[in-house]
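Visitor: This is the structure alone, sequence omitted:
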């Protein structure tokens, strides 16, 4: 068991970072509106993210370069500059959303402020600064331990709650093994797209490459371990999403994001008792704080690595230096700058960010289709096979269609 937990460590970080308040809220709403009919969509979404992250890991382990190093090195520094611009916008809006989610859930746990908005801002800023200090002082080792603790509590809380509210094995089996899309007038297509596309994060999948470097996985001999690792990660992700659909199908939900999770905790308290409501709320905080901690720790890797490739390309297998100015500077910016979003509305900018961000996954998938099919770049043994290419094409078409819908 200890050996298995060591193998799946980086994958659990992917799961803990990728599962946030928005994903849980989406699944809860889908369950409330449509019952368990879309359980299959969560499984499909997790499978698509597995395909992409496996391709990313295969490129890195076969070539010794991260995907960002590969893209910048093979396609030119212009792609690196473009990614840094996108990363800055992504960091601001995601950082602000994570602070807000942490603030809302902590205020529900400790309602010491008379105004909920004040509690959200104060607790959100405190969460951001706490995450900053934990990453800065504890490094990767402390980060990994905290994330495993968060995801363990999240998993137990959400899955046990779903078990207590179990709607029946036959109903769950139909939703999982008999794919269907409910009538369009009930929003079935929209919720299906949201569940498939939203499972497991977006930019954060890139972080997996840096976490396996921290675990000293630097050669192709580690590919089998990474596949086991990622399979476990996306199985956990799928189970979380399915559990939230089941909970939503039996309890009326309302609100948005972390607010929905707080409202849901109140509903659970009335059905299962105060202890259940409080436990679910603590689990919800574990979900949102683990996402914040994962972004704070790993996104500075992306900035530092890309900046390094633009300045002076280096193809190496050493982890990013977390004591460097680029890493620590971006970490500090993440913990401070997005706090402005708690006070100011940026609705028009958010729309542009959402439309541009919708193209991230198609661009990532296209890069994998090109990089992982070049024998002279990745080698014959590790290039995409027919099944991998077919799966990536499906991912590309699906997320491109989602991006067009967003425009």
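Guide: Right, received. Where do you want to start? Values in this document were obtained by computation on a predicted structure and should not be read as measured data. Numbers count the residues shown, from 1 in each chain.
Visitor: The longest helix seen in the chain packs against which elements?
Guide: Scanning the chain for the helix with the most residues, using DSSP state H, yields helix 116-164. Counting contacts by 3 or more CB pairs under 8 Å, 6 or more residues apart in numbering; DSSP states H and E, helix 116-164 is packed against helix 9-18, helix 77-109, helix 223-250, helix 257-272, helix 274-311, helix 325-336. Every residue, glycine included, has its C-beta placed from N, CA and C.
Visitor: one more time with 10 Å
Guide: The contact analysis (3 or more CB pairs under 10 Å, 6 or more residues apart in numbering; DSSP states H and E) places helix 116-164 against helix 9-18, helix 21-34, helix 77-109, helix 207-214, helix 223-250, helix 257-272, helix 274-311, helix 325-336.
Visitor: residue ranges with poor pLDDT in the stretch 51-200 of the chain?
Guide: Along the stretch 51-200 of the chain, the model assigns pLDDT under 70 to residues 183-187.
Visitor: hang on, the earlier thing: between the helices and strands packed on helix 116-164, which one is nearest to residue 180?
Guide: Shortest distance between residue 180 and the helices and strands packed on helix 116-164, using CB to CB, is found for helix 21-34: 9.9 Å.
Visitor: Quick one: list the elements packing against that closest one.
Guide: On a contact count with 3+ CB pairs under 10 Å, 6+ apart, helix 21-34 meets helix 39-63, helix 77-109, helix 116-164, helix 188-198, helix 223-250, helix 257-272, helix 274-311.
Visitor: what angle separates that helix from helix 188-198?
Guide: Helix 21-34 and helix 188-198 meet at an angle of 150 degrees, taking axes from the mean of the first three to the mean of the last three CA atoms, to 10 degrees as the criterion.
Visitor: What residues of stretch 398-407 count as buried?
Guide: Within stretch 398-407, the residues that count as buried by 16 or more other CB atoms under 10 Å are 398-400, 402-403.
Visitor: now, the most widely separated pair of those residues?
Guide: By the measure CB to CB, 398 and 403 form the most distant pair in the buried residues of stretch 398-407, at 9.8 Å.
Visitor: so what sits against both of those two?
Guide: Common contacts of residue 398 and residue 403 (CB atoms under 10 Å, 6 or more residues apart in numbering): 197, 361-362.
Visitor: can you tell me which residues contact the residue lying closest to residue 210 once chain neighbours are set aside?
Guide: Spatially, and ignoring its direct neighbours in sequence, residue 210 is nearest to residue 301 (4.1 Å; CB to CB, 6 or more residues apart in numbering). Going by CB under 10 Å, 6+ apart, residue 301 touches 66, 68, 206-207, 209-211, 213-214, 319-320, 322, 326-327, 330-331.
Visitor: give me every residue that touches residue 53.
Guide: 11, 14, 18, 200-201, 204-209, 226-227, 229-230, 233-234, 364, 368.
Visitor: what about 6 Å?
Guide: 205, 208, 230 (CB atoms under 6 Å, 6 or more residues apart in numbering).
Visitor: Please pick the buried ones from these.
Guide: Buried, going by 16+ other CB under 10 Å: 205, 208, 230, out of the contacts of residue 53.
Visitor: Please tell me how far the second one sits from residue 298.
Guide: As for residue 208, its distance to residue 298 is 9 Å (criterion: CB to CB, to the nearest Å).
Visitor: Is residue 402 in contact with residue 196, as I believe?
Guide: No. Using CB atoms under 6 Å, residue 402 is not in contact with residue 196; the gap is 8.4 Å.
Visitor: name the helices or strands packed onto the helix or strand hosting residue 388?
Guide: Element membership of residue 388 [criterion: DSSP states H and E] is helix 386-406. Helices and strands touching helix 386-406, by 3 or more CB pairs under 6 Å, 6 or more residues apart in numbering; DSSP states H and E, are helix 360-371.
Visitor: Next, the residues that contact the next helix or strand after the helix it packs on from outside, please.
Guide: Next along the chain after helix 360-371, taking DSSP H and E as the criterion, comes helix 375-378. By CB under 6 Å, 6+ apart, the residues outside helix 375-378 that reach it are 62, 372, 383.
Visitor: Residue 36 in helix, strand or coil?
Guide: coil (DSSP: H, G, I helix; E, B strand; the rest coil).
Visitor: now residue 217
Guide: Assignment for residue 217 (three-state DSSP): coil.
Visitor: how deep is it tucked in, by neighbour count?
Guide: Other residues within reach of residue 217, judged by other CB atoms under 10 Å, total 22.
Visitor: same thing with residue 313?
Guide: 13.
Visitor: which non-adjacent residue is nearest it?
Guide: residue 73 (5.7 Å).
Visitor: quick one on the thing from earlier: of all the helices and strands packed on helix 116-164, which one is nearest residue 190?
Guide: The nearest among the helices and strands packed on helix 116-164, by CB to CB, is helix 21-34 at 9.4 Å.
Visitor: Show which residues not belonging to that closest one make contact with it.
Guide: In contact with helix 21-34 (CB under 6 Å, 6+ apart) are residues 38, 101, 182, 191, 194-195, 198, 241, 244-245, 248-249, 253, 257-258, 260, 288.
Visitor: Distance from the chain centre to stretch 211-223, please.
Guide: When distances are taken as CA atoms, centre = their mean, to the nearest Å, stretch 211-223 is centred 21 Å away from the chain's centroid.
Visitor: which outside residues touch that stretch?
Guide: 10, 13, 61-62, 140, 317, 319.
Visitor: Highest neighbour count among the residues you listed?
Guide: Busiest of those [other CB under 10 Å] is residue 13, holding 31 neighbours.
Visitor: for the stretch 301-407 of the chain, what are the low-confidence residue spans?
Guide: 314-318, 345-356, 406-407.
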